[in-house]
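Colleague: below are the sequence and a predicted model; questions follow.
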Amino acid sequence: MIITLKDNVNPAELASLKERLINEGFQLVPAQGTHYSIIGIIGDTASLDKRQIESLDIVEKVSRIQEPFKKANRKFHPDDTIVDVGGVKIGGGHFAIMAGPCSVETPEQVLATARAVKEAGATILRGGAFKPRTSPYSFQGMGPSGLELLLLAKKETGLPIVSEVMDPSQLQYFDEVDMLQIGARNMQNFTLLKEVGKLKKPVLLKRGLCATYEEWLMAAEYIMSEGNEQIVLCERGIRTFETKTRNTLDVTAIPMIHELSHLPIIMDPSHAAGMSRMVRPLSLASTGGGADGLMIEVHNDPAKALCDGPQALRPDQFAALTKDVFALRQIVENGLA
């Protein structure tokens, strides 16, 4: 971090700033120019509040040389992290497809969909038991009984399961769930992030609706700072000025996250556009762009779905898509070899 000082600074205020930084364990490297003075700060500056320092009368500006996220940063962890979800690996060349209904509704729906997605090549079963909805009058999910249905499907198909947790109080129901999902609306629920960070369980961290890459990675940093480094990032579309689609899928996130972080990144094309006809092209774009996996909503009868039916694929549509994804994946792998 570099602090640029204003001209003719008050010596007493400058001495106070230096003393404070030294007491906090930082090494200072002052430099005097003809028209400016700077102080270089050596050490882990992630805990320093940039804006607080800039509020001082003697400070012109503060510039970070390194990103504030350390544990998630590829500079400090050059090798790709490989996350193991019930025996299914994600990252470091391992590609995973998570598929299933947006929300768990009935035993017949969950089991039929689970069998179909496994046959088509899905490696992880997704399904929502607790659903955060924009309207308080929309279906909110089955809760704990929904998780029991997912576990039943896991027992029959062998697929590990991922499901969303919305509040720390719900964690008591997730002991047998293989992967915890943190939804877009909870990306900055720091209490929840800290609690899942204390668990030795993989976490799927979705990007917030308007979150920058740094804010997203700082959310991952919250989890990692508590000891849990088994994190998969999920791009699910961000809010832009475009109104034709629900969200805009940011394919740029794939190479940028791979550059910034060692954590794997998967894509959720279903939530991005909100239309089933857009899932195939967005899935292929994501696969070709180097994503570590996909998360796709599949329902055995989308027209009767209680949640997000218009974006869900039928099992036959999903089976056709996975064939194309696997074929493209072979091309991507051969190109990277």
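Modeller: Structure received. Residues are numbered from 1 along each chain as shown.

Colleague: could you pull out the strands in the stretch 151-300 of the chain for me?
Modeller: Along the stretch 151-300 of the chain, counting by DSSP state E, counting those that start in this stretch, strands occupy 161-164, 179-182, 203-206, 231-235, 265-267, 293-297.

Colleague: any chance of JSON lines for those strands, columns mean neighbour count, mean pLDDT and distance to residue 275?
Modeller: C-beta coordinates here come from the backbone N, C-alpha and C atoms, glycine included. Formatted as JSON lines, those follow (neighbours: other Cβ atoms under 10 Å; pLDDT from 0 to 100; distance: least, Cβ to Cβ, whole Å):
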{"stretch": "strand 161-164", "mean neighbour count": "26", "mean pLDDT": "96", "distance to residue 275": "22"}
{"stretch": "strand 179-182", "mean neighbour count": "24", "mean pLDDT": "98", "distance to residue 275": "22"}
{"stretch": "strand 203-206", "mean neighbour count": "26", "mean pLDDT": "98", "distance to residue 275": "19"}
{"stretch": "strand 231-235", "mean neighbour count": "26", "mean pLDDT": "98", "distance to residue 275": "17"}
{"stretch": "strand 265-267", "mean neighbour count": "27", "mean pLDDT": "98", "distance to residue 275": "16"}
{"stretch": "strand 293-297", "mean neighbour count": "28", "mean pLDDT": "97", "distance to residue 275": "11"}
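
Colleague: save the ones you listed as a markdown table, and put in distance to residue 242 too.
Modeller: Formatted as a markdown table, the strands of the stretch 151-300 of the chain follow (distance: least, Cβ to Cβ, whole Å):
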| stretch | distance to residue 242 |
| --- | --- |
| strand 161-164 | 26 |
| strand 179-182 | 25 |
| strand 203-206 | 20 |
| strand 231-235 | 16 |
| strand 265-267 | 18 |
| strand 293-297 | 21 |
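
Colleague: quick one, which of those gets closest to residue 123.
Modeller: strand 293-297 (8.4 Å; Cβ to Cβ).
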